[in-house]
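*Asks:* take a look and give me a structure for this.
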Amino acid sequence: MSEQHELKNRVALVTGASSGIGRAVCLALAKKGARLAIVGRRLDSLTALKATIEELGGEAFPLAVDLRDESGIKSAFDAVSRKWNGVDILVNSAGLGRAAPLSSGKDEDFREMLEVNALALAIVTREAITSMQRRNVAGHIVHVSSMSAYRVQGDTGMYAATKHAVRAMTEGLRQELRQAGSPIRISSVSPANTDTEFMDRMLGKAKAKENRPEYRQLEPEDVADAVLYLLSTPSHVEINDILMRPTNQPD
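*Replies:* Here you go, the predicted model:
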């Protein structure tokens, strides 16, 4: 069996760290000894996560960033470079959905999904690659995408469009890195229904409760386990996507 990639003391920047899958990824990486740059909008939640990571014996550096602000993204990477010299691992977990049908949705909802789910992901990824190349690091980038990168449900056309964009960017970057002879790897994980705050924020708590599936959903920790698997594979292995569904989800 090939030796697994070591995660201890590697610097991992995780977006969307405040809650849900991002938070679970941070805790899983902390248990493996990684140093965490935790990025989110809510400083109070990041501070609480930092305390939890430190209780596990890990290190965390909270960075409150609005991912729609390119200058804020660049400032965050500069701060990580000053503290830990740069980023070895990037997990793009930030993402959101809005109830915005293509035929009647609000401009702002369309724009927010495009800017956070696609544009910000591209900018964060570019900055991470710059950091890795500057130090000649064989880094690893993981996008937390969605099964909506492969199918479109109901009135979620714009949300699905952003996740199809993530899928395209993952493959596009894979080709760029291979053509450049870079050791940096790119992966994604595409979960279906996961028990997080996502639907509460998309539909509102009351409607989300009405639409909650009867079957057991994925847990954030299930997705975090998949991310750990991707990051722990040996350097000659590049897994480009993991598709995950709850066993009883029909679509």
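*Asks:* neighbours of L43, how many?
*Replies:* Using other Cβ atoms under 10 Å, L43 is surrounded by 13 other residues. All C-beta spots, glycine's among them, are computed from the backbone N, C-alpha and C.
*Asks:* that one - nearest residue in space that isn't next to it in sequence?
*Replies:* In this structure, L43 finds its nearest non-sequential neighbour in A64, 4.2 Å apart by Cβ to Cβ, 6 or more residues apart in numbering.
*Asks:* and the pLDDT at G154?
*Replies:* Looking at G154, its pLDDT is 84.
*Asks:* before we move on, what about the one 5 residues further on?
*Replies:* Reading off the per-residue confidence, Y159 sits at a pLDDT of 95.
*Asks:* got the CA positions of the strand or helix carrying it in PDB?
*Replies:* Using DSSP states H and E, Y159 sits in helix 157-179. The C-alpha trace of helix 157-179 is given here as PDB (Å, rounded to 0.1, in the frame of the first residue of the first chain):
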ATOM      1  CA  GLY A 157     -31.300  26.700 -11.900                       C
ATOM      2  CA  MET A 158     -28.900  29.600 -10.900                       C
ATOM      3  CA  TYR A 159     -27.600  27.700  -7.900                       C
ATOM      4  CA  ALA A 160     -27.000  24.600 -10.100                       C
ATOM      5  CA  ALA A 161     -25.300  26.900 -12.700                       C
ATOM      6  CA  THR A 162     -22.800  28.000 -10.100                       C
ATOM      7  CA  LYS A 163     -22.000  24.400  -9.100                       C
ATOM      8  CA  HIS A 164     -21.700  23.400 -12.800                       C
ATOM      9  CA  ALA A 165     -19.200  26.200 -13.000                       C
ATOM     10  CA  VAL A 166     -17.300  24.700 -10.000                       C
ATOM     11  CA  ARG A 167     -17.100  21.400 -11.900                       C
ATOM     12  CA  ALA A 168     -15.800  23.100 -15.000                       C
ATOM     13  CA  MET A 169     -13.300  25.100 -13.100                       C
ATOM     14  CA  THR A 170     -12.000  21.900 -11.300                       C
ATOM     15  CA  GLU A 171     -11.400  20.200 -14.600                       C
ATOM     16  CA  GLY A 172     -10.000  23.400 -16.200                       C
ATOM     17  CA  LEU A 173      -7.500  23.800 -13.400                       C
ATOM     18  CA  ARG A 174      -6.500  20.200 -13.500                       C
ATOM     19  CA  GLN A 175      -5.600  20.600 -17.100                       C
ATOM     20  CA  GLU A 176      -3.700  23.900 -16.500                       C
ATOM     21  CA  LEU A 177      -1.700  22.300 -13.700                       C
ATOM     22  CA  ARG A 178      -0.800  19.200 -15.700                       C
ATOM     23  CA  GLN A 179       0.300  21.300 -18.700                       C
END
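*Asks:* how many residues are close by the residue nearest to L43?
*Replies:* Using other Cβ under 10 Å: A64 sits among 17 other residues.
*Asks:* residue contacts, it?
*Replies:* For A64, the contact set (Cβ atoms under 8 Å, 6 or more residues apart in numbering) comprises G40, R41, R42, L43, L46.
*Asks:* now with 7 Å?
*Replies:* Going by Cβ atoms under 7 Å, 6 or more residues apart in numbering, A64 touches G40, R41, L43, L46.
*Asks:* could you provide the residues you listed in JSON lines, with additional columns for secondary structure?
*Replies:* Conversion of the contacts of A64 to JSON lines gives the following (DSSP: H, G, I helix; E, B strand; the rest coil):
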{"residue": "G40", "secondary structure": "strand"}
{"residue": "R41", "secondary structure": "coil"}
{"residue": "L43", "secondary structure": "helix"}
{"residue": "L46", "secondary structure": "helix"}
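*Asks:* what segments of the stretch 101-250 of the chain are strands?
*Replies:* Using DSSP state E, counting those that start in this stretch, the strands found in the stretch 101-250 of the chain span residues 140-144, 185-191, 242-244.
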